[in-house]
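1. Sharing a model that was predicted from the sequence below.
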Amino acid sequence: MGPSPDVIRQRVAEQCAKSGISLAQLSRILGKQDGYIARFVRDQVPYELASADRDKVARYFGLPGPHFGAPARMDDRRAHAIRMRQPRGFRTVLRRAT
């Protein structure tokens with residue numbers, strides 16, 4: 001189980017202050033309205049950020065996903081290697097006899 005939404009709020013605010021970007025700029029990075037992250041931090045609306053938004057925030061700050069409650073992500077090369085090891089899904093094509 002990941003950190004609570006209150007802990008995530010605090011971590012987002014701390015990282016914004018530490019990196020010198022405003023909450024509005026972070027909202028724009030997520031593709032949301034300017035006040036989205038400010039409302040999340042100050043007014044608790046929405047109560048919890050979506051997993052995709054938490055992952056984008058973690059990627060932007062260069063932190064691991066679980067720091068913001070996002071799922072852990074694999075290195076791209078490792079994920080590609082795992083995909084290549086999995087067998088391809090073969091489909092049988094039925095043809096009518098002539």
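-> In hand now; what should we look at? Residues are numbered from 1 along each chain as shown.

2. Need the single longest helix in this protein, by residues.
-> In terms of residue count, the longest helix belonging to the chain (DSSP state H) is helix 5-19.

3. Give the next helix or strand downstream of that helix.
-> Once helix 5-19 ends, the next helix or strand along the chain (criterion: DSSP states H and E) is helix 23-29.

4. Quick one: mean pLDDT over that following helix.
-> Taken as a whole, helix 23-29 carries a mean pLDDT of 94.

5. Stretch 63-76 too?
-> Per-residue pLDDT values over stretch 63-76 give a mean of 74.

6. Identify each buried residue in it, please.
-> Judged by neighbour count using 16 or more other C-beta atoms under 10 Å, the buried positions of stretch 63-76 are Gly65, His67, Phe68, Gly69, Ala70. C-betas here are computed from N, CA, C, even on glycine.

7. and if you look at stretch 17-31?
-> In stretch 17-31, residues buried by neighbour count (16+ other C-beta under 10 Å) are Leu23, Ala24, Leu26, Ser27, Leu30.

8. how near is Glu14 to Phe68?
-> Distance of Glu14 to Phe68, given as C-beta to C-beta, to the nearest Å: 11 Å.
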